[in-house]
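Asks: Fold the following.
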Amino acid sequence: MSEDLTDLTAVARFLYEAGTLKQTKRSGWWMAGIKDPESVADHSWRTAVIATVIAKLEGADPARATFLAVWHDSQETRTGDVNHLGKKYGAEQAAPEAVTAEQVSGMPAVLADAVKELVAEYEAKETAEAQCARDADKLECMIQGIEYRDQGYANAQRWIDNSRGRIITKSGQALADAVLETGSLDWLRAALGERTN
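Replies: Below is the predicted model:
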């Protein structure tokens, strides 16, 4: 080890902090009438899986895209999930990079620098991997919207349409189209050997 790792207190604190995303609800869904929406952690997990898929299809580095997706909402431990309406009124005041810098303060430099680099790359939207991770974020929201719509929340259609319109990669768009043509329980029917549409 090139760095003294005897004091990992800041890392330990961050690990507890990261766990709060399991209870932080995705607030935009409340406007669609969903009383108990998914958590930020729920969203981030499936976003990471989708980022792997899109990046592999795009010929980008799937590990890097997944890594970006895992960290893309980590700042929400401190800001909460600010939905698009809240952002219109300035509810999101700190840049994700600034929040991240405070979150990793006191951590070993090798770790702090890596996390800051990931968040900066995601926010810059320039690399193929960042674009794949960002598309994964939109596609995950679209899929979640379909699942909520299928549970009877008709107002989720707005999130489905808006998310689909914001996907930019060719593979992300093709995957979104496939998702729109697939029922949310077709996976179960296929697994049970039942007929799907």
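
Asks: Distance of Ala176 relative to Lys116?
Replies: Computed as Cβ to Cβ, to the nearest Å, the Ala176 to Lys116 distance reads 31 Å. Yep, even glycine has a C-beta here, placed from its N, CA and C like the rest.

Asks: Which one's more surrounded, the two?
Replies: Counted by other Cβ atoms under 10 Å, Ala176 and Lys116 do not tie: Ala176 has more neighbours, with 23 against 17.

Asks: and the more buried one, what helix or strand is that in?
Replies: Per DSSP states H and E, Ala176 falls inside helix 170-180.

Asks: do Trp45 as well
Replies: Counting by DSSP H and E, Trp45 is found in helix 40-58.

Asks: which is the next helix or strand following the helix holding Ala176?
Replies: helix 186-191.

Asks: May I have that next one exported as PDB, CA atoms only?
Replies: Taking Å, rounded to 0.1, in the frame of the first residue of the first chain, the C-alpha atoms of helix 186-191 are listed here in PDB:
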ATOM      1  CA  ASP A 186     -43.100 -11.100 -20.200                       C
ATOM      2  CA  TRP A 187     -39.900 -12.200 -18.500                       C
ATOM      3  CA  LEU A 188     -41.900 -14.300 -16.000                       C
ATOM      4  CA  ARG A 189     -44.100 -15.800 -18.700                       C
ATOM      5  CA  ALA A 190     -41.000 -16.800 -20.700                       C
ATOM      6  CA  ALA A 191     -39.300 -18.300 -17.600                       C
END
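
Asks: what's near enough to touch the residue nearest in space to the middle of the chain?
Replies: Centroid-nearest residue in the chain, with Cα atoms, centre = their mean: Ser44, separated by 3.9 Å. Ser44 is in contact with 21, 69-70, 72-73, counting by Cβ atoms under 8 Å, 6 or more residues apart in numbering.

Asks: thinking again about what came up before, off-centre distance for the helix holding Ala176?
Replies: Chain-centre distance of helix 170-180: 17 Å, with Cα atoms, centre = their mean, to the nearest Å.

Asks: helices or strands next to that helix in the packing?
Replies: helix 40-58, helix 128-150, helix 157-165 (3 or more Cβ pairs under 8 Å, 6 or more residues apart in numbering; DSSP states H and E).

Asks: Give me the residues contacting the helix or strand containing Leu15.
Replies: Using DSSP H and E, Leu15 sits within helix 9-19. With Cβ under 8 Å, 6+ apart as the test, helix 9-19 has contacts from 74, 77-78, 103-108, 111.

Asks: Lovely, talk soon.
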